[in-house]
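>>> Sequence plus predicted model, see below.
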Amino acid sequence: MPIATFPLGPLSTNSYLLHTGTAAVAIDVGGDPAPVLEYLMAQHLTLDAICLTHRHFDHLYGVARLAEATGCPVYSPSGDDALARSESGMGGIWGMPLVTPFDSEPMPTGRTQFGGMDCVVLETPGHTPGGVSLYFPAEKACFTGDALFYRSMGRTDFPGGDQEQLLRSIRETLFRLPDDVTVYPGHGPATSIGDERHHNPFCGEFEG
């Protein structure tokens, strides 16, 4: 399963495109999706879904345009619905641009499929109330949004953030995944579950 990474938008949000065969899935489109659309065309791919790990503005800037250009559905965690009416979801905070509104469907939980690929939607709240991580077991890939980063974890000072809850999400959900699962975070470089479980200074060294 090829995975393309596009750092987009004012905060260089990692926007991902994964595909198998001719079907593709986009995750967290944080800015102008022109590079994503160019990739889809060059690889002769059809976008099956746009998936959101959470509803913070910097992960949403390109969602409306990409959905309009491709006609594919947007899946958003229902636990973050209230953020859609807040500055952290609509934009405007810190003088950032506003997010173009878009329609979305509730993100399924547990085992599902996107683009013909088996996916487990893991509930990983704490950075936001309804944050999720998208785990593709066959590909040994997990897209963690802003829950877990290389040697770091998500901030919890936005409305709805909860540091203890986020630590539980990381330690009791993400760190239960196999060590060789690659972590694709919302910002910064990729890492692995094992590397973070043993070396992350904020939440590592967990052997539960």
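Perfect, I can see it now. Numbers count the residues shown, from 1 in each chain.
>>> For residue 119, give its distance to residue 72.
Separation of residue 119 from residue 72 (C-beta to C-beta, to the nearest Å): 15 Å. Glycine gets a C-beta too; all of them are placed from N, C-alpha and C.
>>> ugh, wrong one, residue 20
For residue 20 relative to residue 72 (C-beta to C-beta), the value is 16 Å.
>>> One more: residue 162?
32 Å.
>>> give the contact list for residue 48.
23, 24, 25, 72, 114, 115, 116 (C-beta atoms under 8 Å, 6 or more residues apart in numbering).
>>> Which one of residue 119 and residue 72 is surrounded by more residues?
residue 119 (24 against 18; other C-beta atoms under 10 Å).
>>> Assign a three-state SS to that one, would you?
strand (DSSP: H, G, I helix; E, B strand; the rest coil).
>>> Let me see the ranges of the helices in this protein.
Remark: helices assigned in the chain by DSSP state H are 34-42, 63-70, 87-90, 163-172, 193-199.
>>> Next, format these as TSV and append mean pLDDT, distance to residue 142 and mean neighbour count.
Formatted as TSV, the helices of the chain follow (pLDDT from 0 to 100; distance: least, C-beta to C-beta, whole Å; neighbours: other C-beta atoms under 10 Å):
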stretch	mean pLDDT	distance to residue 142	mean neighbour count
helix 34-42	98	20	15
helix 63-70	98	21	19
helix 87-90	85	23	20
helix 163-172	96	11	18
helix 193-199	95	7	19
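>>> Give me the spatial nearest neighbour of residue 162, chain neighbours excluded.
Distances taken as C-beta to C-beta, 6 or more residues apart in numbering place residue 126 nearest to residue 162, at 5.3 Å, with adjacent residues excluded.
>>> how about the helices of the chain in a markdown table, adding distance to residue 76?
Output for these, formatted as a markdown table (distance: least, C-beta to C-beta, whole Å):
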| stretch | distance to residue 76 |
| --- | --- |
| helix 34-42 | 18 |
| helix 63-70 | 9 |
| helix 87-90 | 10 |
| helix 163-172 | 18 |
| helix 193-199 | 25 |
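>>> and of those helices, who's closest to residue 138?
helix 193-199 (15.8 Å; C-beta to C-beta).
>>> Contacts for that closest one, please.
Counting by C-beta under 8 Å, 6+ apart, 142, 148, 150-151, 174-175, 177-181, 183, 203-206 sit against helix 193-199.
>>> Among those, which are located in strands?
Mapping these onto strands (DSSP state E) picks out 142, 148, 183.
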